[in-house]
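> give me coordinates for this.
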Amino acid sequence: LQDEKSVSMEQILKLLSVSGVATAIARDGFKESIEWLQDGKILSLLSVSGLAIAIVRDSFKESIKWLQDEKAVSKEQILSLLSVRGVATAIARDGFKESIKWLQDEKAVSKEQILSLLSVRGV
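Residues are numbered from 1 along each chain as shown. Just a heads-up that it's a prediction; the model follows:
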């Protein structure tokens, strides 16, 4: 974080005070996961409760790739959603893709409506 992302020691200490961040940083997939985040947003996103733990899960990475490749959700849209508390945890759950497919296929909910719903905290 300090060498490659130019994060100061003060910023790192502040991040470590967020629940789950230290555990996430210690996991193998953390560096790989953080590469996907835009440099300017790393600190603000990691301070969102639950995000740090979620991004190191394989299911999170798979769901992000699925959103981008199959659902044509832009990186900017995804980064915006990740700033909403609880969204990263939802994306990391095993049933996320199936739930989105169900909303679209069975209930005819549009991609725009789903993105709008996800941007509401607690949904």
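> please make it C-alpha for all contacts and neighbour counts, starting now.
OK.
> now Lys31. Nearest residue, chain neighbours left out?
Distance criterion CA to CA, 6 or more residues apart in numbering; nearest residue to Lys31, sequence neighbours excluded, is Ile25 at 7.8 Å.
> neighbours of the one you found, how many?
Neighbours of Ile25 under the rule other CA atoms under 10 Å: 17.
> give the next helix or strand downstream of the helix or strand harbouring it.
Assessed by DSSP states H and E, Ile25 sits inside helix 21-26. Reading on from helix 21-26 to the C-terminus, the next helix or strand found by DSSP H and E is helix 30-36.
> who's in contact with that following helix?
By CA atoms under 8 Å, 6 or more residues apart in numbering, the residues outside helix 30-36 that reach it are 24-25, 42, 55-56, 61.
> after that helix, which helix or strand is next?
helix 42-46.
> now that following helix: average pLDDT?
For helix 42-46, mean pLDDT rounds to 81.
> contacts for that helix?
11, 15, 21, 34, 51-52, 82-83.
> return the set of buried residues in that helix.
42-43, 45-46 (16 or more other CA atoms under 10 Å).
> need the residues you listed in CSV with distance to Ile114, can you?
Shown next, in CSV, are the buried residues of helix 42-46 (distance: CA to CA, whole Å):
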residue, distance to Ile114
Ile42, 25
Leu43, 26
Leu45, 21
Leu46, 24
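> separation between Gly122 and Arg85?
Taking CA to CA, to the nearest Å as the measure, Gly122 falls 8 Å from Arg85.
> give me the more crowded residue out of the two.
Using other CA under 10 Å as the criterion, Gly122 and Arg85 rank with Arg85 on top: 20 against 10.
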